[in-house]
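**Q** Make a model of this:
(one chain, ligands or ions: 2)
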Amino acid sequence: MDNCIFCKIARREIPSHRIYEDEDILAFNDIHPVAPVHFLLIPKLHIESLADIQECHQALIGKMLLLAPKLAKEQGCDDGFRTIINTGRVGGQEVFHLHFHVIGGRERLPGMIHYG
Ligand code: AMP
Ligand code: ZN
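**A** Ligands and ions are numbered 1, 2, ... in the order given. Take a look at the predicted model:
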């Protein structure tokens, strides 16, 4: 996709701090980290969101999920981490290229969303 920021990162047209890359997947640090460890895992294939995955993506998504804990540990998350996939308008997705946030550090992360 020509104008997709994460496709541009995958094509190296926009710089990023890469922590992992293979033929299918890329992981790079989030530009606005919310914790000491905050990286994004993306498929190189442009898939808009989790709501757009198909049967044919099963192996790719499985590979991404298997990578998440390995990379988290490599980045120093040896006592847990959080994985977030914002999806669509209600999910607060800002970049419409599927990505898994992996967030962690030394301290316990704040709780999940609470509705008043
Ligand atoms: P989301 O709300 O899940 O779509 O989050 C998109 C994430 O992409 C945000 O956490 C942004 O900080 C991050 N982001 C946007 N542009 C870049 C970039 N050029 N390099 C790294 N992370 C980015
Ligand atoms: Zn894209």
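**Q** Where does pLDDT dip in the chain?
**A** 116 (pLDDT under 70).
**Q** The longest strand along it pairs with which strands?
**A** Longest strand in the chain, counting residues (DSSP state E): strand 37-43. Partner strands and pairing direction for strand 37-43 (DSSP bridges) are strand 25-29 (antiparallel), strand 100-104 (antiparallel).
**Q** Tell me the residues of the chain that contact ligand 1?
**A** Within reach of ligand 1 by C-beta under 6 Å from any ligand atom, the chain has these residues: 5, 14, 16, 30-32, 86, 92-95. For every residue, glycine as well, the C-beta is placed using N, CA and C.
**Q** are any of those buried, and which?
**A** 5, 16, 30, 86, 93 (16 or more other C-beta atoms under 10 Å).
**Q** from those, which single one is nearest residue 113?
**A** Lowest distance from residue 113 to those (C-beta to C-beta) belongs to residue 86, with 11.6 Å.
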